[in-house]
Every structure is written in C-alpha cells, then in structure tokens.
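Asks: next one to model:
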Amino acid sequence: MRKILIPVDFSEYSQTAIDYACQIINENGTGQALDLVHVFTNHSNLFVNRQINPNLVDPQVEIARKEMDKLMEVIRFKYPSVTCHSIFKEGNLFEEISKVTAGFAYDAVIMGTKGSSGLEAVFLGSNTYDVILNTKTPVFGIPKGASRFKKERVGLLCNFKEGEIEVLLQAINLIGNDFELVLIHVNKDDKDIKIIDAQFQRWIREIIDRTGIQNISYTVKSQALYNRAAEDVSHAITSVLIDEQINILLITKSRKSVFRKLIEENIVRKLAYNLTVPTFFARVHSTPPAEG
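Replies: Numbering: from 1, shown residues only. As a prediction, this is how the structure comes out:
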C-alpha cells in the first residue's frame, strides 16, 4: 500500500498538512493512505514515576487519543475516499519519525509549518534541519495559508545534475506530471547565455524523455542576486518564487546540487524556517553532471 506520513500536534498547522495531502490523493487518484503520527514528547514529570507504579497514566495520553479520534472523524467527513490510520509514539520527535519512515517506504512526509517560523511548527530544537538532511523519505513542507493544493507551476533549482531528474520522479510519484516545470538556474560562473541556453535545450530533452513532463520552461538568475549577506539570500530566493508564480518548489539533496551549495552558506536552514510555498525536499544519489 502507498502511504503518506503526517506528524500531527492537533494544531491548525498539522490540519493544513492534512488538507493538502487529502487534496493530492483526491485530485491525482493516487490511492495513498494517510498515517497520522503523534509523538508524546512532553510527559509531565509527575508521571516519570510510572516506571515504579505502572498504573500511573499521563492524562495527556487520553486527551491526545480523543483528539486523534476527532481528527480522523473530520477527515472521513471531508474526504470520504481517503483512508487514514493513527500512530502513537513516545520519545524524541525526530528519532521517532525517523524510525517510522525507516520501517515503511512512504511516498512523503508532509508537514505543516508556521510560515515565518517554518518547520519549528513540527520539529522543535537544533536538530530540525537534520531531519530534512538525513531522511531517505521526501519531506514536503506546507506553509500556513497554503492549504489548497496547486501545481500549475512547479519550480526546480537546476544545475544540470542527474539528481534533479530523481527528485522530479519522486515528486511525480506523489503529485503526477501534469504541471509546467520551471527550471531555475543560478549563473554562478557568469557563463555566456548562449552556452546556458544550449545546456537547457539538451537537459529539457532529457527530462521529457525520462519523466514524461511536456511543459517545461526555464529562467536564469544572475549570481549577483545571491551575493548578498547570507541572511538576505533566502529572501532573494523567495522573491524569485513570487516573480515566477511558483506553486511548489523542488529541492534536490544530492552532494553536488544547488541545495548543498546553499547549505554551505547556511541559507537552506533559513529557507526551511521561512517557507512561502510548499517545498519538496528529496534525497538522491550523488552523480556526475549532465554533459554540456
């Protein structure tokens, strides 16, 4: 069975992720089920002694189970064709989600975010970004206000790398391939635009052959746009997404990708905490660049 995993804390942010995921399933007819996972991370100190007295039960457990029941009832009412299951874990949120995704090949982990506060809505603490970096499962961050699933224009940070096709295939597995793909390239080496255009023509043919995406455009951004202080670069990228009217951004996590370059500049962490459009982070294998 194909599944999507959604961490829930019963907030409006996790509800945003649920609505988005259910729309993906309904619109694409992909047949995934939803696994909703709630991790108990803040048990009261009063109940630490339950190891001595196993009859002690944290009241938050019963509250969470009732909240989960209500949440699943709402899903069944709003999205009757969507199958969902609940999972309860106890411990460190990041570790427990890593364990769950290691035990099943989910199509994606979809997480609601706070927008200006980003992924901390679900993943709190200094290890927030490690989840995106290290999980083998694609992570799809959905900012507050983006509860409507739209895929007219899907952007991809492009550096003519094999991994970009891998991330496309993972995204297609989740959302289909009936969208306009916008390739976003940063001209960091100040190449002649004719050379870049030739690279794009070859790369677009490769993408069409291997993904079935037919509608592809591209935009080239000057490196000067990215030469400002690191704290401003994420805002520059955000402005590109707005200018290009991107509905979903795809980011490749290979060692040779634009993503890794941005990591070195401590920029992607800032992007993750300031998502303005749904962003799909996918891990791929490091491979040589496309010819040309």
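
Asks: for the stretch 151-292 of the chain, which segments count as helices?
Replies: Ranges of helices in the stretch 151-292 of the chain, per DSSP state H, counting those that start in this stretch, are 162-175, 193-211, 230-243, 258-264, 268-272.

Asks: where does the chain dip in pLDDT?
Replies: 30, 42-58, 114-131, 133-134, 223-236, 253-274, 285-292 (pLDDT under 70).

Asks: which stretches of it form strands?
Replies: 3-7, 33-40, 84-90, 108-113, 139-143, 153-157, 180-187, 216-222, 248-252, 279-282 (DSSP state E).

Asks: by contact count, what packs against the shortest one?
Replies: Helices and strands in packing contact with strand 279-282 are listed as strand 139-143, helix 162-175, strand 248-252; criterion 3 or more C-beta pairs under 8 Å, 6 or more residues apart in numbering; DSSP states H and E. C-beta here means a position set from N, CA and C on the backbone, and glycine is covered the same way.

Asks: chain center to the last one: distance?
Replies: Computed by C-alpha atoms, centre = their mean, to the nearest Å, the chain-centroid distance of strand 248-252 equals 8 Å.

Asks: elements contacting that strand?
Replies: Packed on strand 248-252, when contacts are counted by 3+ C-beta pairs under 8 Å, 6+ apart, are strand 153-157, helix 162-175, helix 258-264, strand 279-282.

Asks: what sits up against it?
Replies: 150-151, 154-157, 161, 163-164, 166-168, 171, 175, 179, 241, 257-259, 268, 277-282, 284 (C-beta atoms under 8 Å, 6 or more residues apart in numbering).

Asks: residues near the residue lying closest to residue 246 once chain neighbours are set aside, how many?
Replies: Nearest residue to residue 246 in three dimensions, chain neighbours excluded: residue 155, at 3.9 Å (C-beta to C-beta, 6 or more residues apart in numbering). Look at residue 155: counted by other C-beta atoms under 10 Å, it has 24 neighbours.

Asks: now the helices and strands packed on strand 248-252 as a markdown table including distance to residue 96?
Replies: Below are the helices and strands packed on strand 248-252 laid out as a markdown table (distance: least, C-beta to C-beta, whole Å):
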| stretch | distance to residue 96 |
| --- | --- |
| strand 153-157 | 30 |
| helix 162-175 | 23 |
| helix 258-264 | 25 |
| strand 279-282 | 19 |
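
Asks: point out the most buried one among the ones you listed.
Replies: Of the helices and strands packed on strand 248-252, the one with the most neighbours on average (mean count of other C-beta atoms under 10 Å) is strand 279-282, at a mean of 26.

Asks: direction included, what does it pair against?
Replies: Sheet pairing of strand 279-282 (DSSP bridges) gives strand 139-143 (antiparallel), strand 248-252 (parallel).

Asks: distance between the ends of stretch 136-153?
Replies: Stretch 136-153 has an end-to-end distance of 25 Å (C-alpha to C-alpha, to the nearest Å).

Asks: which parts of it are buried?
Replies: Buried residues in stretch 136-153, counted by 16 or more other C-beta atoms under 10 Å: 137-144, 146-147, 149, 151, 153.
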